[in-house]
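**Q** Sharing a model that was predicted from the sequence below.
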2 protein chains.
Amino acid sequence: MRVVCAPTLILISVTICCSLTEKLSNGSSTNIIIMLMDDMGWGDLGVLGQPSKETPNLDAMAAQGILLTNFYTANPLCSPSRAALLTGRLPVRNGFYTTNAHARNAYTPQEIVGGISKDEILLPEMLKKNGYISKIVGKWHLGHRPQYLPLEHGFDEWFGSPNCHFGPYNSSVRPNIPLYILFEGLDFIRRQTEAKQPFFLYWAADATHSPVYASKSFLGKSQRGRYGDAIMELDHSVGQILSLLQNLGIEKNTFVFFTSDNGAALMSGPQESGSNGPFLCGKETTFEGGMREPAIAWWPGHIKGGAVSLQPANVMDLFTTSLALAGISPPDDRMLDGLDLTPVLLNGSHQLDNRPIFFYRGNEMMAVRLGQYKAHYWTWSNSLEELKEGINFCPGQEVPGVTTHDQKEHTLQPLIFHLGRDPGEKYPLSVLSKEYQEVLCSVSAVVQQHQKTLAPGMPQLNMCDLAVMNWSPPGCEKLGKCLKPPTSAPWKCNWPH
Amino acid sequence: MRVVCAPTLILISVTICCSLTEKLSNGSSTNIIIMLMDDMGWGDLGVLGQPSKETPNLDAMAAQGILLTNFYTANPLCSPSRAALLTGRLPVRNGFYTTNAHARNAYTPQEIVGGISKDEILLPEMLKKNGYISKIVGKWHLGHRPQYLPLEHGFDEWFGSPNCHFGPYNSSVRPNIPLYILFEGLDFIRRQTEAKQPFFLYWAADATHSPVYASKSFLGKSQRGRYGDAIMELDHSVGQILSLLQNLGIEKNTFVFFTSDNGAALMSGPQESGSNGPFLCGKETTFEGGMREPAIAWWPGHIKGGAVSLQPANVMDLFTTSLALAGISPPDDRMLDGLDLTPVLLNGSHQLDNRPIFFYRGNEMMAVRLGQYKAHYWTWSNSLEELKEGINFCPGQEVPGVTTHDQKEHTLQPLIFHLGRDPGEKYPLSVLSKEYQEVLCSVSAVVQQHQKTLAPGMPQLNMCDLAVMNWSPPGCEKLGKCLKPPTSAPWKCNWPH
């Protein structure tokens, strides 16, 4: 079918880019706390429909703040999602992707050669301009070689691990760094408050990433098994942080945002993964279950309590929004994908309703959301070969023609869903309908503009080498545990999905 | 595998039956309002995770009342569910089932011969004992022949329709009764309050049953299409009722319960059906999506606001609980399946945590829930033949061995799920695990006792006859629209699923 688009529709995408000049007048020293969970799903919060309702602190945070029900990550995998948050740019721009094969998710395992490029500007580097002190507590995941570590990229303090914490631990064949307990943030908040120093705390807890972790005092406490125990502990920690802010009397001067890096890792089974609520599939996929995230903004005295925002938004907006709160102009020498959400969060503005959300998997734009509509240009869950091995990104779910096991191209006739009527992406609009044709016109214009102006960054996740692993992590000398790295023998990393 | 059950475990079911003597001292004239929605799903409420968050009044009702996240219907279809609510008894006892074929859902279409038996005692009949005036506003669905209608079974007033409202309308081949607007309840509340008369209002709105209905002022207002518009209107109506109670100053003397008759009718597609949140399948099935219901109890000054109860409960408990609130002893000449929930709702008691929930489809106990565990003795979605015709009770969902398309018997080795860890019923426990064996022991004892004491009622939904249809509904004479019934020719009704 040939669709004739009215020229007026094409203008939508132009309007989007020009409504972001609103500035926050008195925000020049607002503290910023970003709580980024690991593989936590949209449906894991009581306030978002988890039947066990075991997140009283997060539910209270939502009741005192604003809940964003249409908030997305930039990629359905840890590393690229985190790189996007801290740079305000899509992974395909900031280099956190691979070109080794088509549309493959990639991250930073121990053998990765690359990491976050020195040419990227990270949020803590920007915040320095207004005197902020920044700390990361938890998982970094933007490269573990010395030049890629947090203190080289704007953070002043770091307590956590460079990578995922999956084992084997204490192995001399695959050296690993054990898990950390995640509460140094409280001390940091206290110290900066005493020093009257504006701060940025990036709490990147990894307890809900497989192997799921909960402290002894939470084990067996939830209705949901070990994963639920971890959720309860994280929820408790959120409560501790918010209480501390109130006890210190800095809650009206501290913007707190809670979200997760990607959808629940359904392939890990019920003991080790969470819930994506009513959404389709999970981590690794560009369906809603892979990329829609729980999201709460909390800032007493500034954000109206109990509000719900339907604003389509994403982790890259946190970069731009944080800069607006800090009174710092965003970098003007590069394309940014994040928008300043302060008009939405503080004044309930609807100016940004039509901003698009792009769903990438590796080097491919798989889908785009515009308003209530989502158009899939490519669909893929994972390969039949992987499925036969028991790796399933959509367990219990199967939507014919949608959760495809081959990379299916739909660029000439994208699958379009209305996410209001059909959040589970089960019923594509009929291509013969007027609605489909009108949506396709708007979406095509946005996609065309996006792709025309896209300059992909140098891919950082293409090359692997056993020699770059953490054979001699800091402190190993004292323990006599330093290992000798093997001879360098780089290879093109294999990214199976 | 042969399981050896410890005798102590078998005692669980005995303990269950004996903890229901608690009485409400001052409840002798508490008004009762039961709001029963039609085909509304667990996931349709904002507070239960509907992403559109378009139910501010119901969310507020939950914030002021108690949300029951483990509340069930007694059957995944309208008529039997309603019969169970009003009698406090399982459909297999009160006759609202069929024996025409194994495990078939049945209801009261226009050609049904049967209806609610005069031997059953309905809630409004019981409430009369303490001087209550009762009204039903909306859908009856317990038989449309004169002897089965509401005013013959204890209701003093009725504004609504005897059956479902699906068409064709104004047909002389299949006569039908059109839809009613549902607000006569407000007037009833006002009148009874003025008369200082304790009342029972049973608001059985059918707007979310296909064909979904919303008034002009709500059409196009939701993000979810026509179904969402209907939800918004019902939510608005809930707000109106609660506001009226407060304006009349009777809110502390009026117990209000909101729930639905069965899960969302997923087979009706995205414009005409709702959401069952994270649960499996929908209406017509005994999976969680077919039988777990949204449920809120509201009673300012008596129920603590913002509470969440995990109590496994069901619509039959509303019969017993209402009697307790009215200070009336339940009938002692018959087996009741409902429990008095007042200790749970008012005092947060955990005495009833281990009461079982039975999942029936027609004449078969398909599954039972005990604590967090649910054991499926039979599984069935619908037949392959129906599926090929496009009738799908689990669209987009498929759990191998669980959402079976034949009636699969598991009585020797039931499929057991832990609903806390796995609310979506995707991961049966391994039959080799200790957990499975222990659970099987407890569940088997409960099932054995249940089946041993079960005396099925006379099935009311076996026979059909075109002659019993509403050929001459009341008032037809005035309009000159009375039709002549055909000669009686009864047949065994066909219940395909």
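**A** Now that the structure is in, tell me what you want to look at.
**Q** Downstream of the helix or strand harbouring residue A:241, the next helix or strand is which one?
**A** If you go by DSSP states H and E, residue A:241 is part of helix A:225-247. Later in the chain than helix A:225-247, the nearest helix or strand by DSSP H and E is strand A:254-260.
**Q** tell me the domain boundaries of chain A?
**A** Domain assignment for chain A by the TED database gives A:31-353, A:361-453.
**Q** Return the most buried member of these.
**A** Of these, the one with the most neighbours on average (mean count of other CB atoms under 10 Å in any protein chain shown) is domain A:31-353, at a mean of 22. The way it works is simple: take the backbone N, C-alpha and C, and place the C-beta from them, glycine included.
**Q** What residue in chain A comes nearest to chain B?
**A** Among the residues of chain A, residue A:49 lies closest to chain B, at 1.6 Å counting by CB to the nearest CB.
**Q** quick one, phi/psi of that residue?
**A** phi 100, psi 10 (degrees, to the nearest 10).
**Q** Contacts only, for it.
**A** A:43, A:277, A:278, B:43, B:48, B:49, B:50, B:277, B:278 (CB atoms under 8 Å, 6 or more residues apart in numbering or on different chains).
**Q** if we go to 6 Å?
**A** A:43, A:277, B:48, B:49, B:277 (CB atoms under 6 Å, 6 or more residues apart in numbering or on different chains).
**Q** Determine the set of other helices and strands touching the helix holding residue A:241.
**A** If you count contacts as 3 or more CB pairs under 6 Å, 6 or more residues apart in numbering or on different chains; DSSP states H and E, helix A:225-247 packs onto helix A:56-64.
**Q** and if we set it to 10 Å?
**A** Helix A:225-247 sits against strand A:31-37, helix A:56-64, helix A:184-194, strand A:199-204, strand A:254-260, strand A:296-298, with contacts defined as 3 or more CB pairs under 10 Å, 6 or more residues apart in numbering or on different chains; DSSP states H and E.
**Q** which residues sit in contact with residue A:301?
**A** Residue A:301 makes contact with A:251, A:252, A:253, according to CB atoms under 10 Å, 6 or more residues apart in numbering or on different chains.
**Q** give the contact list for the residue lying closest to residue A:239 once chain neighbours are set aside.
**A** Counting by CB to CB, 6 or more residues apart in numbering or on different chains, residue A:239 lies nearest to residue A:57, which is 3.3 Å off, once chain neighbours are set aside. Taking CB under 10 Å, 6+ apart, we find residue A:57 in contact with A:46, A:232, A:234-243, A:258.
**Q** where exactly do the helices run in chain A?
**A** Assigned by DSSP state H, chain A shows helices spanning A:7-10, A:12-16, A:56-64, A:78-87, A:91-94, A:123-127, A:184-194, A:225-247, A:288-291, A:316-325, A:342-347, A:384-388, A:434-452, A:476-479.
**Q** Could you list the contact residues of the stretch 301-450 of chain A toward chain B?
**A** Applying CB under 10 Å from any CB of the partner chain, we find that the stretch 301-450 of chain A lies next to chain B at A:306, A:308-310, A:371-372, A:394-400, A:402-403, A:417-427.
**Q** same deal with the stretch 151-300 of chain A?
**A** So far as CB under 10 Å from any CB goes, the stretch 151-300 of chain A lies against chain B at A:222-228, A:266, A:269-271, A:275-280, A:288, A:292.
**Q** swap the cut-off to 6 Å and go again
**A** Contact residues (CB under 6 Å from any CB of the partner chain) of the stretch 151-300 of chain A with chain B: A:223, A:224, A:225, A:270, A:275, A:277, A:278.
**Q** would you turn those residues into a markdown table with pLDDT?
**A** Putting those into a markdown table (pLDDT from 0 to 100) gives the following:
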| residue | pLDDT |
| --- | --- |
| A:223 | 96 |
| A:224 | 97 |
| A:225 | 96 |
| A:270 | 91 |
| A:275 | 98 |
| A:277 | 97 |
| A:278 | 97 |
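**Q** Pick out the most distant pair among those residues.
**A** For these, the maximum inter-member distance is 21.3 Å, found between A:225 and A:278 (CB to CB).
**Q** In chain A, what helix or strand scores lowest on average pLDDT?
**A** One helix or strand of chain A scores below all others by mean pLDDT, DSSP states H and E: helix A:12-16, with a mean of 38.
**Q** returning to that earlier point: can you check the pLDDT for the residue nearest to residue A:239?
**A** Residue A:57 carries a pLDDT value of 98.
**Q** how about stretch A:406-415 as CSV, C-alpha atoms only?
**A** Output in CSV follows, covering the C-alpha atoms of stretch A:406-415 (Å, rounded to 0.1, in the frame of the first residue of the first chain):
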residue,chain,number,x,y,z
ASP,A,406,14.3,-14.6,13.2
GLN,A,407,15.3,-11.0,12.7
LYS,A,408,12.2,-10.0,10.8
GLU,A,409,12.3,-6.7,8.8
HIS,A,410,9.2,-4.6,8.6
THR,A,411,10.7,-1.3,7.3
LEU,A,412,8.4,-1.1,4.3
GLN,A,413,5.3,-1.8,6.5
PRO,A,414,6.1,-1.5,10.2
LEU,A,415,4.0,-3.3,12.8
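**Q** Quick one: residues contacting residue A:82.
**A** Applying CB under 6 Å, 6+ apart, the residues near residue A:82 are residue A:141.
**Q** What separation do you get for it and residue A:160?
**A** According to CB to CB, to the nearest Å, residue A:82 stands 12 Å off from residue A:160.
**Q** cool, residue A:98 as well?
**A** 25 Å.
**Q** Ok, residue A:174 next?
**A** 20 Å.
**Q** ditto for residue A:148
**A** Applying CB to CB, the value for residue A:148 to residue A:160 is 14 Å.
**Q** Let's have the contacts of residue A:57 in CSV, adding pLDDT.
**A** Below are those laid out as CSV (pLDDT from 0 to 100):
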residue, pLDDT
A:46, 98
A:232, 97
A:234, 95
A:235, 97
A:236, 96
A:237, 95
A:238, 96
A:239, 97
A:240, 96
A:241, 97
A:242, 98
A:243, 98
A:258, 98
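**Q** can you tell me which residues contact residue A:37?
**A** When contacts are counted by CB under 6 Å, 6+ apart, residue A:37 touches A:205, A:208, A:260.
**Q** change it to 10 Å
**A** By CB under 10 Å, 6+ apart, the residues touching residue A:37 are A:44, A:58, A:138, A:203-209, A:230-231, A:234, A:238, A:258-262, A:274, A:293-294.
**Q** same deal with residue A:453?
**A** residue A:335.
**Q** picking that back up, just the pLDDT for the residue of chain A closest to chain B.
**A** pLDDT at residue A:49 comes out at 97.
**Q** Quick check: which ranges of chain A have low pLDDT?
**A** For chain A, applying pLDDT under 70 flags the ranges A:1-4, A:6-28, A:166-170, A:175-181.
**Q** How about the backbone phi and psi for the most centrally placed residue in it?
**A** Nearest to the geometric centre of chain A sits residue A:261, at 3.1 Å (CA atoms, centre = their mean). Main-chain dihedrals, residue A:261, degrees, to the nearest 10: phi -80, psi -30.
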